[in-house]
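Trainee: got a predicted model here, sequence first, then my questions.
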Amino acid sequence: MDSSLPRFIFFILIGLVKCSVDDQHHNSTRHYDYCVLGAGPAGLQMGHFLSKAKRDYIILERNSGPGSFFNKYPRHRKLISINKIYTGRQNREFNLRHDWNSLLSDKPDLLFKRVSSEFYPPADTFPLYLSMYVKELGLRVQYGVDIGRIRAMQSATSRSYILTDQHGMDYKCSVLLVATGLWVPQEVEFVGSDLVEGYESISTNPEDYKNQFVLILGKGNSAFETAQNILGRASHVHMVSRSPVRLAWQTHYVGDLRAVNNELIDTYQLKSLDGLLEAQLEKIVIVKRKEKGSRRSGGKKHRNEKKGQLYVTLNKYIQNEKEKNSSDVTAEELPGYHIDNFSMRKPYDRVIRCLGFRFNYSIFDSSACPPNSANARGRLPALSPWYEGEDTPGLFVLGTAAHSRDYRSSAGGFIHGFRYTVRAVHRVLEHRYHSNRWPSTKLLTTQLQSWILKRIGEASGPYQMFEILGDIILLRGSHCEYVEEFPLQALPQFSSVSGHEVSKHGLIILVMQYGKKKIDYLGRGRAVTDWTKAWKSNFLHPVLYYYETLPTEEEMKLRPRGWPLPRPKAIHHMVEDFLAEWESPISHIQPLRRFLEHCVQTDLRAFYAESCFRFSLIHRKPPLFCRQGYLKQQGVTHNSLLRQYSLGTGLMPTEQDADPSETDNAFSKYLAQAEASMSSGLKLDF
């Protein structure tokens, strides 16, 4: 027998065993409680919270590293999210108000400033930061997993999701957290759209546009970023879109045009060959004109016209449109033939599409696909107020793709906003699947004012996600529960989402919000400084809403236009402040105390132990501060000199001031001098 035959049989047997193992691996399914799809900033942020809670999770990423979107975008490699390192403060929570790139963690030094100190950082630094974030937190990320299909599986008792990758491997999870962002280029179909270049593929070398006549479709940051890159080389840059330019400093929406990208506005308004136009893109036509058959030109080219140049016309001028292709048009079909001063009558060397991105729906089958949202013209999925897909229970959308809940109204489409909405989603998951109530802080009612001032002064979540996330204060009589950063649009479902009940004492909601009045944002009257007119504040400021009962869904639907919440029993605006520091005794603190006393129906002032002793002797019901402090053997002692100083300056109330129904005499005198009512800036008449 041939000596090589046994060796040959041995290798065949090994091969059969290996094939069997590979088949088993190919057909196996991996089970997790939570699947996070995408290792961008939103996916990693959720990974941190799941890891901290010791949950069974996996983050699936199709590329070889985290934050792969930023390896290509923005195309001109400068982020517009600010990186303000020096704030003059050491308070980490306060500093996050001005750090738009860092993710939340329990490590004080795990911040973006470790990879860049530039105010507008280069885009290449963000994947570096995310890699550092993954490594230092030990997040479970599996790279190279390209999910091509997602389907839902419904049993008699539960619903789960099956994710299939490029190798046929299945991942089964009870909860699917989609953090894929927006990366599919948004396109508009019109005749000649095949002649248009995309933002995702254009050259970023300004020399390639030298002396060219360029038309850009779109007026967002990607469009202006592209225009800014070529302004010094292109002969003309025109921009066209449906809407006029929206400036972020006017709209307070960070997704609108930022000043760092708006140099073309100068060259347009100062008439230096560039310009902005409005037109519905669905109605335009991009064409190449035929060289003969033009009555006006007599079959000759116009002077300076180059071969292959593109003309813009309108579909109403195209004759026999069904019989024509995008490059076959005569001079009679161009608007300039009918309107000799038509704005876009000159030919363009290139037309560039910069219309942003949309959500990738293609990986979902019909059992798992969330519907389109009416916001952003269907670019985003429709979600519940707690970011769960409509008609897809157990599927939550995180990050930029979840922006439909606050589109054009807050910062939920950007890192400095969605890092907080991701935390809110995690708290929803903890209550729903693990019976852990939304975190809260139990306070004595006498401590409430100080806690509110602390939150107003430093909290970054409500500050960034203004009018979307708010603090809920559950009044319980002598004490209260403080629930931070709850999604306001889910308020009617507060008890079921958070696990907290509202008592007969009602609730107060703290929201940061802008004024709704259209003003000259650089004019003299742009700000309000009189605290008695705080409700007229135009810029970001705290607003407190008091309700006796939880608002209903119907009341939320019928709330006044532009209001984050329905009409309350009482409302209090804290006047806007130039320094964004709401700590002034007369303008901020005293009016806040009056409002809170109105809500809780008790005196909230603080007293020295000696005053509490006197009140206890002569009043049947001493002030709440004394009942919760001095009468429980707590309080602040002082000597005679301190008492004399306190009485002389009016800092310590006398015994006659102890009745909650009476007013603070010193404060009343100030009110009289200011010709103000005793409402403390409280606007109760609607």
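Mentor: Nice, thanks for sending it over.

Trainee: does anything pack onto the host helix or strand of Arg151? Which helices or strands?
Mentor: Counting by DSSP states H and E, the element that carries Arg151 is strand 147-154. Strand 147-154 makes packing contacts with strand 159-165, strand 170-178 when contacts are defined by 3 or more Cβ pairs under 8 Å, 6 or more residues apart in numbering; DSSP states H and E. For the C-beta atoms, the positions are set from N, CA and C on the backbone; glycine is no exception.

Trainee: only the C-alpha atoms, please, for that strand, written as CSV.
Mentor: Extracted in CSV, the C-alpha atoms of strand 147-154 (Å, rounded to 0.1, in the frame of the first residue of the first chain):
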residue,chain,number,x,y,z
ILE,A,147,-25.2,43.7,10.0
GLY,A,148,-27.2,43.4,6.8
ARG,A,149,-30.6,42.3,8.1
ILE,A,150,-32.6,42.9,11.2
ARG,A,151,-35.8,41.1,11.9
ALA,A,152,-38.1,40.8,14.9
MET,A,153,-39.3,37.5,16.5
GLN,A,154,-42.5,37.5,18.5
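
Trainee: in that strand, what's buried?
Mentor: Residues of strand 147-154 classed as buried under the neighbour-count rule (16 or more other Cβ atoms under 10 Å) are 147, 150-152.

Trainee: for stretch 194-204, same thing?
Mentor: 195-197, 199, 202.

Trainee: now swap in stretch 619-638 and tell me
Mentor: 622-630, 635, 638.

Trainee: any chance of a markdown table for the residues you listed, columns distance to Lys84, secondary structure and pLDDT?
Mentor: Shown next, in a markdown table, are the buried residues of stretch 619-638 (distance: Cβ to Cβ, whole Å; DSSP: H, G, I helix; E, B strand; the rest coil; pLDDT from 0 to 100):
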| residue | distance to Lys84 | secondary structure | pLDDT |
| --- | --- | --- | --- |
| Pro622 | 47 | coil | 86 |
| Pro623 | 43 | coil | 88 |
| Leu624 | 41 | helix | 88 |
| Phe625 | 39 | helix | 87 |
| Cys626 | 44 | helix | 87 |
| Arg627 | 45 | helix | 86 |
| Gln628 | 40 | helix | 83 |
| Gly629 | 40 | coil | 79 |
| Tyr630 | 45 | helix | 74 |
| Gly635 | 42 | coil | 57 |
| His638 | 42 | coil | 52 |
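
Trainee: tell me the most buried of the helices and strands packed on strand 147-154?
Mentor: Of all these, strand 170-178 has the most neighbours on average by mean count of other Cβ atoms under 10 Å, namely a mean of 22.

Trainee: who does that strand pair with, and is each partner parallel or antiparallel?
Mentor: strand 29-37 (parallel), strand 159-165 (antiparallel), strand 395-397 (parallel) (DSSP bridges).

Trainee: give the next helix or strand downstream of the shortest one.
Mentor: Going down the chain from strand 395-397, the next helix or strand is helix 415-434, by DSSP H and E.

Trainee: which other helices and strands does that following helix contact?
Mentor: Counting by 3+ Cβ pairs under 8 Å, 6+ apart, helix 415-434 packs on helix 41-52, strand 170-178, helix 461-464, strand 469-475, strand 479-487, helix 494-498.

Trainee: any chance of these in a markdown table, plus mean pLDDT and distance to Tyr317?
Mentor: As requested, these are exported to a markdown table (pLDDT from 0 to 100; distance: least, Cβ to Cβ, whole Å):
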| stretch | mean pLDDT | distance to Tyr317 |
| --- | --- | --- |
| helix 41-52 | 98 | 46 |
| strand 170-178 | 98 | 44 |
| helix 461-464 | 98 | 48 |
| strand 469-475 | 98 | 50 |
| strand 479-487 | 97 | 49 |
| helix 494-498 | 97 | 55 |
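
Trainee: can I get the ones you listed in JSON lines including distance to Phe224?
Mentor: Putting these into JSON lines (distance: least, Cβ to Cβ, whole Å) gives the following:
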{"stretch": "helix 41-52", "distance to Phe224": "23"}
{"stretch": "strand 170-178", "distance to Phe224": "30"}
{"stretch": "helix 461-464", "distance to Phe224": "23"}
{"stretch": "strand 469-475", "distance to Phe224": "29"}
{"stretch": "strand 479-487", "distance to Phe224": "32"}
{"stretch": "helix 494-498", "distance to Phe224": "39"}
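
Trainee: just to be sure, Tyr250 is in a helix?
Mentor: Actually, residue 250 is Gln rather than Tyr. Yes - applying DSSP: H, G, I helix; E, B strand; the rest coil, one finds Gln250 inside a helix.

Trainee: name all residues that make contact with it.
Mentor: Counting by Cβ atoms under 8 Å, 6 or more residues apart in numbering, Gln250 makes contact with 256, 521.

Trainee: now do the contacts for the residue nearest the centre of the chain.
Mentor: The centre of the chain sits closest to Gly412, judged by Cα atoms, centre = their mean, with a distance of 1.4 Å. Counting by Cβ under 8 Å, 6+ apart, Gly412 makes contact with 402-403, 405-406, 418, 421, 465, 468.

Trainee: Phe126 now?
Mentor: Here Phe126 is in contact with 41, 67, 70, 79, 101, 112 (Cβ under 8 Å, 6+ apart).

Trainee: among those residues, which one has the most neighbours?
Mentor: Counting neighbours by other Cβ atoms under 10 Å, the top entry in the contacts of Phe126 is Pro41, with 29 neighbours.

Trainee: which residue is the nearest non-sequential neighbour of that one?
Mentor: Nearest residue to Pro41 in three dimensions, chain neighbours excluded: Ile415, at 5.1 Å (Cβ to Cβ, 6 or more residues apart in numbering).

Trainee: which residue ranges form the strands in the stretch 1-150 of the chain?
Mentor: Along the stretch 1-150 of the chain, counting by DSSP state E, counting those that start in this stretch, strands occupy 29-37, 57-61, 141-143, 147-154.

Trainee: which stretch among those comes nearest Ile286?
Mentor: Closest approach to Ile286 among the strands of the stretch 1-150 of the chain is made by strand 147-154 (33.4 Å; Cβ to Cβ).

Trainee: tell me the angle the closest one makes with strand 170-178.
Mentor: 90 degrees (axes from the mean of the first three to the mean of the last three Cα atoms, to 10 degrees).

Trainee: going forward, count from 881.
Mentor: Okay, residue one is now 881; in that scheme the one you just asked about reads as strand 1027-1034.

Trainee: tell me the mean pLDDT over strand 1027-1034?
Mentor: Strand 1027-1034 shows a mean pLDDT of 96.

Trainee: and the angle from that strand to strand 937-941?
Mentor: 140 degrees.

Trainee: hey, where'd the helices end up in the stretch 981-1130 of the chain?
Mentor: Per DSSP state H, counting those that start in this stretch, the stretch 981-1130 of the chain carries helices over the ranges 1005-1017, 1101-1110, 1128-1131.

Trainee: and those, which is most packed in?
Mentor: The most buried one of the helices of the stretch 981-1130 of the chain (mean count of other Cβ under 10 Å) is helix 1101-1110, showing a mean of 24.

Trainee: for that helix, C-alpha coordinates in PDB please.
Mentor: Provided in PDB are the C-alpha atoms of helix 1101-1110 (Å, rounded to 0.1, in the frame of the first residue of the first chain):
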ATOM      1  CA  ASN A1101     -23.100  73.500   7.400                       C
ATOM      2  CA  SER A1102     -21.800  70.900   4.900                       C
ATOM      3  CA  ALA A1103     -22.700  73.200   2.000                       C
ATOM      4  CA  PHE A1104     -21.100  76.300   3.500                       C
ATOM      5  CA  GLU A1105     -18.100  74.200   4.600                       C
ATOM      6  CA  THR A1106     -17.600  73.200   1.000                       C
ATOM      7  CA  ALA A1107     -18.100  76.700  -0.200                       C
ATOM      8  CA  GLN A1108     -15.600  78.100   2.300                       C
ATOM      9  CA  ASN A1109     -13.000  75.700   1.100                       C
ATOM     10  CA  ILE A1110     -13.200  76.800  -2.500                       C
END
